[in-house]
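Colleague: Only the shape, not the letters, is given here:
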Ligand code: ATP
Ligand code: MG
């Protein structure tokens with residue numbers, strides 16, 4: 001049955017792509033307010049960037065990587081996420097130097113690749129919008145980061161959101177907690193799901209994150225990481241909460257929330273959606289946290305080692321908008337339709353339509369010599385404000401018929417007049433805001 005796209009990928013077609021462009025525009029607008037600038041890293045990286053950055057006991061690294069040997073024998077992977085690549089780039093380009101923004105604030109928008117079980121809201125090529133703020137240990141950075149994500153959803157009109165936060169403390173407190181968690185889970189080993197049994201000794205914190213119903217019951221009474229925070233970590237978490245309170249942000253603390261990536265410490269957060277379109281399920285639409293230590297892991301300077309970031313799913317942002325009934329842009333129509341009648345008008349039709357485009361308007365025409373009625377039907381379908389008709393007779397007399405599609409009024413215009421002052425003559429009939437009708 002012909003060629004098909006790989007499983008877990010999507011063709012984003014006209015009608016759909018306008019939604020993506022809109023979401024991306026909103027993200028850019030919001031990040032600008034925060035002085036966060038775009039960075040574009042390669043779609044593929046040396047595998048070590050990911051294994052070292054993300055951690056080699058994570059699902060991403062153990063199961064989900066699209067990696068391969070290139071023709072030069074290098075071990076390459078398509079990027080599964082953008083934090084490790086961005087930190088690699090930060091260090092490689094010495095963005096910690098005095099001439100650079102500090103903390104360095106970057107955002108990215110682009111495809112990520114994970115070999116996952118494809119299902120609703122989960123793809124193998126998916127798209128993330130994310131930020132990284134590198135070089136500051138001020139908890140205000142954590143809070144501003146979270147605020148930028150909340151602003152983004154608010155601008156989109158997504159309101160069924162819930163902010164959940166937790167602290168993972170420092171590596172040292174996490175090690176202590178890790179042991180306590182293993183001690184708690186081991187006696188119940190036989191009851192755990194296969195995945196959790198495997199994770200118990202490699203990455204026990206991930207058991208807390210299990211989606212298995214039985215696991216969920218078991219972790220219900222697991223010890224809390226918050227009881228294992230050292231003084232600095234506890235104080236840091238208090239400050240984050242205090243700052244969130246200061247700007248009136250609602251949140252809940254969930255001590256069982258951990259992140260799937262190894263690099264996180266201190267603050268972690270998720271924004272969940274309980275919008276109706278997710279079939280009553282609560283879905284994570286944005287996730288991130290602090291990752292002090294990663295810059296050093298990439299041999300960057302101690303002085304710029306503190307960092308915070310998050311990633312949010314673009315597909316899931318659109319699903320949320322649709323679930324909440326937010327109006328989304330679709331394919332816009334055209335301003336002008338050029339109706340060329342008869343094969344002899346082909347040249348003049350081309351000249352005319354190019355004139356329309358030069359004047360800054362959107363224009364479409366017929367390419368298959370259809371009858372006037374069929375062409376006008378298309379013009380209406382495209383919501384054209386003006387139709388310019390040229391047939392053999394008009395060609396001979398060097399005129400066109402200009403019809404205002406809203407009022408139905410038609411008049412004859414000299415081609416030479418039209419070419420001399422296109423905007424003045426045709427522009428009259430095109431409402432100024434018409435190109436913006438799909439913008440919010
Ligand atoms: P999960 O536990 O659901 O697999 P994760 O921990 O792998 O999530 P992150 O790597 O933190 O997720 O990604 C951040 C966000 O990116 C997610 O909240 C989600 O919106 C989006 N995302 C992650 N993986 C996918 C995917 N395969 N398809 C679509 N969106 C995704
Ligand atoms: Mg995942």
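Modeller: Cool, the structure landed. Since we're looking at a predicted model, the values are computed, not measured. Ligands and ions are numbered 1, 2, ... in the order given.
Colleague: What residue in the chain comes nearest to ligand 1?
Modeller: Closest residue of the chain to ligand 1, Cβ to the nearest ligand atom: residue 313 (2.6 Å). For every residue, glycine as well, the C-beta is placed using N, CA and C.
Colleague: Tell me the confidence at residue 62?
Modeller: pLDDT recorded at residue 62 is 86.
Colleague: Surely it touches residue 56?
Modeller: Yes - in this structure, residue 62 is within contact of residue 56 by Cβ atoms under 8 Å, at 7.1 Å.
Colleague: How many neighbouring residues does the residue lying closest to residue 431 once chain neighbours are set aside have?
Modeller: Closest residue to residue 431 apart from its sequence neighbours, by Cβ to Cβ, 6 or more residues apart in numbering: residue 385 at 6.9 Å. Neighbours of residue 385 under the rule other Cβ atoms under 10 Å: 24.
Colleague: ok, residue 385 touching residue 428?
Modeller: No - using Cβ under 8 Å, residue 385 is not in contact with residue 428; the gap is 10.2 Å.
Colleague: show me where the stretch 201-350 of the chain has helices.
Modeller: 213-219, 231-246, 294-297, 314-323, 346-358 (DSSP state H, counting those that start in this stretch).
Colleague: As JSON lines, those with mean pLDDT and distance to residue 410 would be great.
Modeller: Shown next, in JSON lines, are those (pLDDT from 0 to 100; distance: least, Cβ to Cβ, whole Å):
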{"stretch": "helix 213-219", "mean pLDDT": "93", "distance to residue 410": "68"}
{"stretch": "helix 231-246", "mean pLDDT": "98", "distance to residue 410": "62"}
{"stretch": "helix 294-297", "mean pLDDT": "96", "distance to residue 410": "67"}
{"stretch": "helix 314-323", "mean pLDDT": "93", "distance to residue 410": "41"}
{"stretch": "helix 346-358", "mean pLDDT": "95", "distance to residue 410": "16"}
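Colleague: want to try JSON lines for those, with mean neighbour count as columns?
Modeller: Below are the helices of the stretch 201-350 of the chain laid out as JSON lines (neighbours: other Cβ atoms under 10 Å):
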{"stretch": "helix 213-219", "mean neighbour count": "15"}
{"stretch": "helix 231-246", "mean neighbour count": "16"}
{"stretch": "helix 294-297", "mean neighbour count": "21"}
{"stretch": "helix 314-323", "mean neighbour count": "21"}
{"stretch": "helix 346-358", "mean neighbour count": "16"}
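Colleague: Kindly list the main-chain dihedrals of residue 198?
Modeller: Backbone geometry at residue 198, expressed as degrees, to the nearest 10, gives phi -70, psi -40.
Colleague: so what's it up against?
Modeller: With contact set as Cβ atoms under 8 Å, 6 or more residues apart in numbering, residue 198 has no partners.
Colleague: repeat that for 10 Å
Modeller: 57, 62, 192, 206-207 (Cβ atoms under 10 Å, 6 or more residues apart in numbering).
Colleague: And it, how close does it get to residue 63?
Modeller: Distance of residue 198 to residue 63, given as Cβ to Cβ, to the nearest Å: 11 Å.
Colleague: All the strands of the stretch 301-440 of the chain, in order from the start?
Modeller: With DSSP state E, counting those that start in this stretch applied, the stretch 301-440 of the chain shows strands at 307-313, 336-340, 363-365, 386-390, 399-404, 410-414, listed in chain order.
Colleague: Remind me what the shortest one packs against, helices and strands.
Modeller: Right, the one you point to is strand 363-365. Helices and strands touching strand 363-365, by 3 or more Cβ pairs under 10 Å, 6 or more residues apart in numbering; DSSP states H and E, are strand 336-340, helix 346-358, helix 372-381, strand 386-390.
Colleague: Ok, the last one next?
Modeller: In this structure, strand 410-414 packs against strand 386-390, helix 392-397, strand 399-404, helix 422-426, with contacts taken as 3+ Cβ pairs under 10 Å, 6+ apart.
Colleague: if we can go back for a sec, how about JSON lines for the helices and strands packed on strand 363-365, with distance to ligand 1 added?
Modeller: JSON lines is the format used below for these (distance: least, Cβ to the nearest ligand atom, whole Å):
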{"stretch": "strand 336-340", "distance to ligand 1": "39"}
{"stretch": "helix 346-358", "distance to ligand 1": "38"}
{"stretch": "helix 372-381", "distance to ligand 1": "34"}
{"stretch": "strand 386-390", "distance to ligand 1": "43"}
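Colleague: Residue 60 reaches residue 80, doesn't it?
Modeller: Yes - between residue 60 and residue 80 a contact is recorded at 4.8 Å, counting by Cβ atoms under 10 Å.
Colleague: Could you check how far stretch 134-142 is from the centre of its chain?
Modeller: The chain centroid and the centroid of stretch 134-142 are separated by 23 Å under Cα atoms, centre = their mean, to the nearest Å.
Colleague: likewise stretch 236-253?
Modeller: That offset, for stretch 236-253, works out to 25 Å (Cα atoms, centre = their mean).
Colleague: next one: stretch 276-294
Modeller: Taking mean C-alpha positions (Cα atoms, centre = their mean), stretch 276-294 and its chain are 13 Å apart.
Colleague: Can you give me the end-to-end span of that stretch?
Modeller: Length of stretch 276-294, first residue to last, Cα to Cα, to the nearest Å: 37 Å.
Colleague: do the same with stretch 126-145
Modeller: End-to-end for stretch 126-145, by Cα to Cα: 22 Å.
Colleague: now do stretch 188-205
Modeller: 15 Å.
Colleague: Outline the domain layout of this protein.
Modeller: 16-170+230-324, 336-428 (the TED database).
Colleague: Name the residues of this structure found near ligand 1, please.
Modeller: Neighbours of ligand 1 within the chain, by Cβ under 6 Å from any ligand atom: 81, 114, 116, 121-123, 126, 128, 260, 284-287, 311-313, 315-316.
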